[in-house]
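Q: sequence isn't available, so here's the structure alone:
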């Protein structure tokens, strides 16, 4: 299976079997017996595909160790020639998974049939754990499961590629027809295959448009859905994040589960690891978020900026601003272009929102020198976040007097009066430095702290007005426009030399796209859609967009790893 596009561990893929190929996720017709006399499925019509399941011994979820060990001994003696699919029993004793994986690895199966799927979804932790281990160990192997259609979005999101439809006939036999609210509301006429096909098309569309997570959250039909997704978010967040592309569009937080999305985890990590305050900061301001993004375009932040400028004048270049928000927690002003999200605002914050935001703010405040004052112009739950952050960081926070909201005349007057107590001195050099920092920080977000300095050092310069072109020694390093960046091979070389970040190493002359089989090493920080440098003999020979995560590039044997856009 070749991966075309990721949305979390879920993926659009191209599967080639013999003379025909098809796209996943998909439905498969699979006929087999669990004996050495396996029957073969032969295509009856377009849309049916031949997965020949190897002989296997069915094991229950609670099968004891001694039985599993005997079965493993028998399985190694099976002649797997002519079979392209391995039956993997779902077992509570996951310590035996590696032994089954050795068989899959040795015989190079095209697909794995996940046994006991309908029982496994009731065991939340094991369902996620087994899918994760399969997906990470075998990135080119197709995973097939036997589940009802209302499980398809969640199963695909976690790594399943295809679904066996044979058991759906039981619902038809009982005159039960699926609806979008199954298994609580049923149609009176049979429709299992029709509904399964419609659901798969919906999942594919969601994958193509990067909306699979929304579909998952809208398919919360059973307690098993909620339990599985919660376990995945809380206990396997790194698994979801590493396959989730960098967001390009607005993320809509539509449910309680939304605040645990991989994009949120990534944001918190990058604020903690990649954000460094401007060196000339002499005053920190904390503001609440706004409904309009970027915040600077909103009415409230326009009023804040006016009040700050009235109090500090040109010395505003010595002030640094942090915006508090849920669920991203903290948004440095330079990153407001990157914080593309929308969430229902009711004024009620849960503990799951307040505590992570406060902890992230505390970690951020510790990055500033201890003698830098911190002024908070906040109301409602934002005050609770700031107070908790102050306690956690050991930093004193001065709160302005807020009455009838932060944008009332009284509140803005209090902000101005509070800021006038501080004597700051600014210069033309400070303004130029801060202008450069606004650009640099965005590159830091994408590549790591120091990347901005690599593409725009103190001796660099900027050309243009809307589309800014960045230069070092008269060679262009990249572009910047409203938070959207690009990098030239020369710029990527500077990032590689400085940080050793976001590189894919090859040992051949670059002529086109880089396929996974040609990747010798790759930076594990790479996520799908990241800008990466293709390196040969320590020289960046091309810049492109990652199709796979860095870890996946190394393990995969098929498909494109990097779509090359520019060659050196």
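A: Received the coordinates, thanks. All values derive from a computational prediction rather than experimental measurement.
Q: end-to-end on stretch 89-104?
A: For stretch 89-104, the first and last residues are 13 Å from each other (C-alpha to C-alpha, to the nearest Å).
Q: please identify the buried residues of that stretch?
A: Buried residues in stretch 89-104, counted by 16 or more other C-beta atoms under 10 Å: 89, 90, 91, 96, 97, 100, 101, 103, 104. Using the backbone N, CA and C atoms, a C-beta is placed for each residue, glycine as well.
Q: who touches that stretch?
A: With C-beta atoms under 8 Å, 6 or more residues apart in numbering as the test, stretch 89-104 has contacts from 56, 58-63, 65, 68-69, 72, 75-76, 80, 86, 88, 112, 114-117, 119-120, 123, 126-127, 129-130, 133-134, 137-138, 141.
Q: and what of stretch 389-408?
A: Residues contacting stretch 389-408 (C-beta under 8 Å, 6+ apart): 286-288, 299-300, 303-304, 358-359, 361-363, 365-366, 370, 373-379, 383, 386-387, 410-412, 414-415, 418.
Q: which pair of the buried residues of stretch 89-104 spans the longest distance?
A: 90 and 103 (15.8 Å; C-beta to C-beta).
Q: lowest-confidence helix or strand of this structure?
A: One helix or strand of the chain scores below all others by mean pLDDT, DSSP states H and E: strand 20-24, with a mean of 84.
Q: any regions of the protein where pLDDT drops low?
A: The chain contains residues with pLDDT under 70 at 29-50, 346-347.
Q: before we move on, the earlier item: which of the contacts of stretch 389-408 are buried?
A: 286-288, 300, 303-304, 358-359, 361-363, 365, 373-379, 383, 386, 411-412, 414-415, 418.
Q: and those, which of them are in helices?
A: If you go by DSSP state H, the buried ones among the contacts of stretch 389-408 have 300, 303-304, 358-359, 361-363, 365, 383, 386, 411-412, 414-415, 418 in helices.
Q: of all those, which comes closest to residue 559?
A: residue 363 (38.1 Å).
Q: from what I see, that closest one and residue 273 are in contact.
A: No. Residue 363 is not in contact with residue 273 according to C-beta atoms under 8 Å; the separation is 9.7 Å.
Q: torsion angles phi and psi at the nearest residue to residue 305 once chain neighbours are set aside?
A: Setting aside the residues directly before and after it, residue 305 is nearest to residue 296 in space (C-beta to C-beta, 6 or more residues apart in numbering), at 7.3 Å. Backbone torsions for residue 296, taken as degrees, to the nearest 10, come to phi -60, psi -20.
Q: tally of neighbours for residue 296?
A: Counted with other C-beta atoms under 10 Å, the neighbours of residue 296 add up to 16.
Q: which residues does it contact?
A: 302, 305, 333, 336.
Q: from those residues, list the buried ones, please.
A: 333, 336.
Q: just name the closest of the contacts of residue 296 to residue 250, please.
A: Nearest member of the contacts of residue 296 to residue 250, counting by C-beta to C-beta, is residue 336, at 13.2 Å.
Q: dump the residue contacts of the residue nearest to the closest one when sequence neighbours are not counted.
A: Closest residue to residue 336 apart from its sequence neighbours, by C-beta to C-beta, 6+ apart: residue 294 at 4.2 Å. Residue 294 is in contact with 336, 337, 339, 483, counting by C-beta under 8 Å, 6+ apart.
Q: touching, the last one and residue 443? I think so.
A: No. Residue 483 lies out of contact with residue 443 (C-beta under 8 Å); the separation is 10.6 Å.
Q: which one of the contacts of residue 294 sits closest to residue 547?
A: residue 483 (22.9 Å).
Q: on that earlier part again, what's the closest of the ones in helices among the buried ones among the contacts of stretch 389-408 to residue 153?
A: The closest of those, once distances to residue 153 are taken by C-beta to C-beta, is residue 359, at 31.6 Å.
Q: now the closest one, nearest residue through space, not along the chain?
A: Nearest to residue 359 is residue 392, by C-beta to C-beta, 6+ apart, at 6.4 Å.
Q: what about residue 426, distance to residue 356?
A: 34 Å (C-beta to C-beta, to the nearest Å).
Q: same deal with residue 349?
A: 11 Å.
Q: who has more neighbours, those two?
A: Set residue 349 next to residue 356 and count neighbours by other C-beta under 10 Å: residue 356 wins out with 20 against 17.
Q: how far out from the middle of the chain is the host helix or strand of residue 322?
A: Using DSSP states H and E, residue 322 sits in strand 319-325. Here strand 319-325 is found 24 Å from its chain centre; the criterion is C-alpha atoms, centre = their mean, to the nearest Å.
Q: strands paired with that strand, and their directions?
A: Each strand paired with strand 319-325, and its direction, by DSSP bridges: strand 283-288 (parallel), strand 329-332 (antiparallel).
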